[in-house]
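> A predicted structure for the sequence below; I have some questions about it.
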Amino acid sequence: MGACVSSEAAAVVAASGTAKVILPDGGLREYTRPVTAARVLGKDAARLFVCDADGMEFEGLVSAVSAHEELRPGQLYFVLPRKLLSRPLHAEELAALAVKASAALVGAVAPLVFPSGTAGEEKGRRTRSGGGKFAPDLTVIPE
(Lines give C-alpha, C1' and ligand atoms only; values in the text may rest on other atoms or scores of the structure.)
Protein backbone atom coordinates (compact mmCIF):
# COMPACT_ATOMS: atom_id res chain seq x y z
CA MET A 1 0.00 0.00 0.00
CA GLY A 2 2.86 2.35 0.75
CA ALA A 3 3.77 2.47 -2.93
CA CYS A 4 0.26 3.62 -3.81
CA VAL A 5 0.27 6.87 -1.85
CA SER A 6 2.00 9.91 -3.25
CA SER A 7 5.68 10.30 -2.48
CA GLU A 8 4.93 13.49 -0.57
CA ALA A 9 2.36 11.69 1.59
CA ALA A 10 4.71 8.75 2.15
CA ALA A 11 7.42 11.17 3.30
CA VAL A 12 4.98 12.73 5.79
CA VAL A 13 4.33 9.32 7.35
CA ALA A 14 7.98 8.22 7.39
CA ALA A 15 9.25 11.45 8.96
CA SER A 16 6.63 11.39 11.68
CA GLY A 17 7.04 9.97 15.14
CA THR A 18 3.31 9.32 15.30
CA ALA A 19 1.08 6.45 14.31
CA LYS A 20 -1.28 7.79 11.64
CA VAL A 21 -4.78 6.37 11.25
CA ILE A 22 -7.00 7.10 8.26
CA LEU A 23 -10.67 6.97 9.27
CA PRO A 24 -13.53 5.73 7.06
CA ASP A 25 -14.64 9.33 6.42
CA GLY A 26 -11.14 10.30 5.22
CA GLY A 27 -10.17 11.99 8.48
CA LEU A 28 -6.74 11.57 10.01
CA ARG A 29 -5.88 10.79 13.63
CA GLU A 30 -2.32 10.87 14.91
CA TYR A 31 -1.19 9.17 18.11
CA THR A 32 2.01 10.39 19.75
CA ARG A 33 1.88 7.86 22.59
CA PRO A 34 1.44 4.09 22.30
CA VAL A 35 -2.15 3.16 21.59
CA THR A 36 -3.79 -0.20 20.89
CA ALA A 37 -6.07 -0.96 17.96
CA ALA A 38 -8.92 -1.56 20.42
CA ARG A 39 -8.45 1.92 21.89
CA VAL A 40 -8.48 3.49 18.41
CA LEU A 41 -11.80 1.78 17.59
CA GLY A 42 -13.47 2.37 20.95
CA LYS A 43 -17.18 1.53 20.81
CA ASP A 44 -16.99 0.91 17.03
CA ALA A 45 -14.96 -2.31 17.42
CA ALA A 46 -17.98 -4.46 16.51
CA ARG A 47 -18.37 -2.88 13.06
CA LEU A 48 -14.84 -1.65 12.21
CA PHE A 49 -11.25 -2.92 12.34
CA VAL A 50 -7.74 -1.48 12.05
CA CYS A 51 -5.36 -2.71 9.36
CA ASP A 52 -1.72 -1.93 8.63
CA ALA A 53 -1.28 -0.20 5.27
CA ASP A 54 1.94 -2.14 4.59
CA GLY A 55 0.00 -5.42 4.70
CA MET A 56 -2.46 -4.40 1.99
CA GLU A 57 -1.93 -5.73 -1.54
CA PHE A 58 -3.90 -5.92 -4.79
CA GLU A 59 -6.21 -8.94 -4.59
CA GLY A 60 -4.66 -9.82 -1.21
CA LEU A 61 -6.69 -10.63 1.87
CA VAL A 62 -7.25 -7.77 4.30
CA SER A 63 -6.25 -8.66 7.85
CA ALA A 64 -6.89 -6.86 11.11
CA VAL A 65 -4.32 -5.63 13.60
CA SER A 66 -4.83 -7.53 16.86
CA ALA A 67 -7.00 -5.60 19.32
CA HIS A 68 -4.20 -5.56 21.91
CA GLU A 69 -1.40 -4.70 19.47
CA GLU A 70 0.13 -1.25 19.83
CA LEU A 71 0.26 0.86 16.69
CA ARG A 72 3.82 1.69 15.64
CA PRO A 73 5.06 5.28 15.29
CA GLY A 74 5.80 6.24 11.68
CA GLN A 75 3.32 3.68 10.40
CA LEU A 76 0.08 4.24 8.46
CA TYR A 77 -3.14 2.42 9.38
CA PHE A 78 -6.69 2.34 8.05
CA VAL A 79 -9.96 1.89 9.94
CA LEU A 80 -12.19 -0.17 7.66
CA PRO A 81 -15.66 -1.78 7.82
CA ARG A 82 -15.70 -5.41 9.01
CA LYS A 83 -17.22 -6.51 5.68
CA LEU A 84 -13.75 -6.06 4.12
CA LEU A 85 -12.07 -8.35 6.64
CA SER A 86 -10.50 -11.54 5.23
CA ARG A 87 -11.55 -10.97 1.64
CA PRO A 88 -9.52 -9.94 -1.40
CA LEU A 89 -9.03 -6.20 -1.79
CA HIS A 90 -9.79 -5.18 -5.37
CA ALA A 91 -7.56 -2.75 -7.24
CA GLU A 92 -10.28 -0.07 -7.30
CA GLU A 93 -10.74 -0.29 -3.53
CA LEU A 94 -7.01 -0.10 -2.89
CA ALA A 95 -6.69 2.89 -5.22
CA ALA A 96 -9.56 4.66 -3.43
CA LEU A 97 -7.84 4.07 -0.09
CA ALA A 98 -4.56 5.41 -1.48
CA VAL A 99 -6.28 8.59 -2.67
CA LYS A 100 -8.00 8.97 0.71
CA ALA A 101 -4.68 8.54 2.53
CA SER A 102 -2.85 10.97 0.27
CA ALA A 103 -5.56 13.60 0.70
CA ALA A 104 -5.55 13.21 4.48
CA LEU A 105 -1.76 13.25 4.78
CA VAL A 106 -1.07 16.28 2.61
CA GLY A 107 -4.19 18.20 3.60
CA ALA A 108 -5.74 18.18 0.14
CA VAL A 109 -9.37 19.18 -0.10
CA ALA A 110 -10.34 16.72 -2.83
CA PRO A 111 -8.63 14.23 -5.16
CA LEU A 112 -8.15 15.00 -8.83
CA VAL A 113 -10.87 13.46 -10.95
CA PHE A 114 -10.37 12.97 -14.67
CA PRO A 115 -13.46 12.64 -16.85
CA SER A 116 -13.78 9.51 -18.91
CA GLY A 117 -14.15 10.32 -22.57
CA THR A 118 -12.79 9.57 -25.97
CA ALA A 119 -10.62 11.54 -28.34
CA GLY A 120 -12.55 13.72 -30.70
CA GLU A 121 -15.14 14.91 -28.17
CA GLU A 122 -15.61 18.64 -27.80
CA LYS A 123 -12.89 20.07 -25.59
CA GLY A 124 -13.75 22.46 -22.78
CA ARG A 125 -12.09 25.83 -22.57
CA ARG A 126 -10.55 27.38 -19.50
CA THR A 127 -11.54 30.89 -18.56
CA ARG A 128 -9.31 33.33 -16.73
CA SER A 129 -12.20 35.09 -15.02
CA GLY A 130 -12.92 32.01 -12.91
CA GLY A 131 -16.37 31.56 -14.43
CA GLY A 132 -17.59 28.84 -16.73
CA LYS A 133 -16.76 25.16 -16.80
CA PHE A 134 -13.31 23.63 -16.80
CA ALA A 135 -12.50 20.49 -18.73
CA PRO A 136 -8.94 19.29 -19.22
CA ASP A 137 -7.61 18.80 -22.75
CA LEU A 138 -6.96 15.07 -22.49
CA THR A 139 -6.58 12.80 -25.47
CA VAL A 140 -6.35 9.08 -25.89
CA ILE A 141 -3.11 7.54 -27.10
CA PRO A 142 -3.82 4.19 -28.80
CA GLU A 143 -1.51 1.39 -27.74
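Sure, I can see it. Numbers count the residues shown, from 1 in each chain.

> contact partners for C51?
V62, S63, A64, V65, Y77, F78, L80 (CB atoms under 8 Å, 6 or more residues apart in numbering). For the C-beta atoms, the positions are set from N, CA and C on the backbone; glycine is no exception.

> what about it, which SS state?
Look at C51: counting by DSSP: H, G, I helix; E, B strand; the rest coil, its state is strand.

> show me where pLDDT drops low in this protein?
1-16, 108-143 (pLDDT under 70).

> restricted to buried residues, select the contacts of C51 in ChimeraX.
Here is the ChimeraX command that picks out the buried ones among the contacts of C51, judged by 16 or more other CB atoms under 10 Å:
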select :62,64,65,77,78,80
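
> out of the contacts of C51, which are inside helices?
Using DSSP state H, no member of those sits in helices.

> where do the helices sit along this structure?
Under DSSP H, the chain gives helices at 7-15, 37-41, 91-106.

> what would those look like in JSON lines with mean neighbour count and distance to R72?
Below are these laid out as JSON lines (neighbours: other CB atoms under 10 Å; distance: least, CB to CB, whole Å):
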{"stretch": "helix 7-15", "mean neighbour count": "14", "distance to R72": "11"}
{"stretch": "helix 37-41", "mean neighbour count": "18", "distance to R72": "11"}
{"stretch": "helix 91-106", "mean neighbour count": "17", "distance to R72": "16"}
